[in-house]
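1. Dropping the sequence and predicted coords here.
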Amino acid sequence: MVDAGELLKWYSHAQRDLPWRQPGVSAWQILVSEFMLQQTPVVRVEPIWRDWVARWPTPSATAAASAADVLRAWGKLGYPRRAKRLHECATVIAAEHGDVVPDDVDALLALPGVGTYTSRAIACFAYGKRVPVVDTNVRRVVARVVHGRADSPASVRDLADVDAILPNDERAPGFSIALMELGAIVCTARSPKCGVCPLSICAWRSAGFPPSTEPARRVQKFAGTDRQVRGRLLDVLRADAAPVTRAQLDVAWLTDPAQRDRALDSLLSDGLVEQTADGLFALSGEGGEAGPSNVLVN
Ligand code: SF4
């Protein structure tokens, strides 16, 4: 098991100074950070998050922004469907929850873009609830400390597994965030820093660090992917307040025209981009009355 005292003592002095952990940060602002952190590292999220919550501190302020402004503010965080979902989430919270993020996991799960991890992260980090919060860092630490394995794939047992080691008292939310922090900065995937680990008992270390039996995970490349092409096309649209021509988009990716068409089609299908009646392209909401369209006109 995990010694809560050891973990919390370590966290009290080793935790990173992250702005969304400061006193006075609202549940909404924590939710914004969780959306941004889903697939983007802290160092890239931090400046965007600061600007975002200064500009739109509440769900209703975010809901009142245009979809295009939200996409622009998302900048280069990647996976821009998250920005659209965050905007939709803000709209639902403003309209149906009195502009207050719900504190109940089931109510959170009903919000756009909020899944198993995010719902529990908000209930725990924003409202101090005793709920298991499982991301890849927590899953790895538990696999090592409790089960003596190098890593563990996602499983339906994850929540029960973490629930079993959560303290049954007011230390639970702090324990959850400390466990995640340990996985992020000490018990990392490739080079765990066992020499500075606060935990005196670890099954994987005791077993002599047996190698992983899981198939090696392929490192996701970015260069040359459809994601990169989508980003290039969005860059063109973000830079211009007016709709742009197909030719302006075409020069954003000359390497593979078929890939560029596919990327543009997917942006249209996702509702991130729309086409105007006269065949120009714009960010969602900026295409005039004719948008949105999900049919690519070549
Ligand atoms: S002893 Fe090493 S492997 Fe075990 S939890 Fe600490 S950092 Fe991770």
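-> Arrived safely, thanks for sending.
2. Need phi/psi at the most centrally placed residue in the chain.
-> Among the residues of the chain, the one closest to the centroid is Gln38, at 1.6 Å (Cα atoms, centre = their mean). The phi/psi pair for Gln38 (degrees, to the nearest 10) reads phi -50, psi -40.
3. Next one, pLDDT for the spatially closest residue to it that is not a sequence neighbour please.
-> Spatial nearest neighbour of Gln38, excluding adjacent residues (Cβ to Cβ, 6 or more residues apart in numbering): Arg82 at 6.4 Å. Placement of C-beta: from N, CA and C, glycine included. At Arg82, the model reports a pLDDT of 96.
4. can you list the residues that contact the helix or strand where Arg82 lies?
-> Taking DSSP states H and E as the definition, Arg82 sits inside helix 81-96. The contact list for helix 81-96, computed with Cβ atoms under 8 Å, 6 or more residues apart in numbering, reads 28, 31-32, 35-36, 38-39, 56, 58-60, 62-63, 65, 67, 70-71, 73-74, 77, 99-102, 111-114, 270-272, 284.
5. circling back to that earlier point, what separation is there between the residue nearest to Gln38 and the ligand?
-> Shown here: Arg82 relative to the ligand, a distance of 30 Å by Cβ to the nearest ligand atom, to the nearest Å.
6. how many other residues sit next to that residue?
-> A count of nearby residues for Arg82, using other Cβ atoms under 10 Å, gives 18.
7. Which residues are in contact with the residue nearest to the centre of the chain?
-> Applying Cβ under 8 Å, 6+ apart, the residues contacting Gln38 are 79, 82, 117-118.
8. and which of those is nearest the ligand?
-> Tyr117 (20.7 Å; Cβ to the nearest ligand atom).
9. ok, how many other residues are close to the closest one?
-> As a burial measure, Tyr117 scores 17 neighbours (other Cβ under 10 Å).
10. Excluding covalently adjacent residues, which one is nearest to it?
-> According to Cβ to Cβ, 6+ apart, the nearest residue to Tyr117 is Asp135 (5.6 Å).
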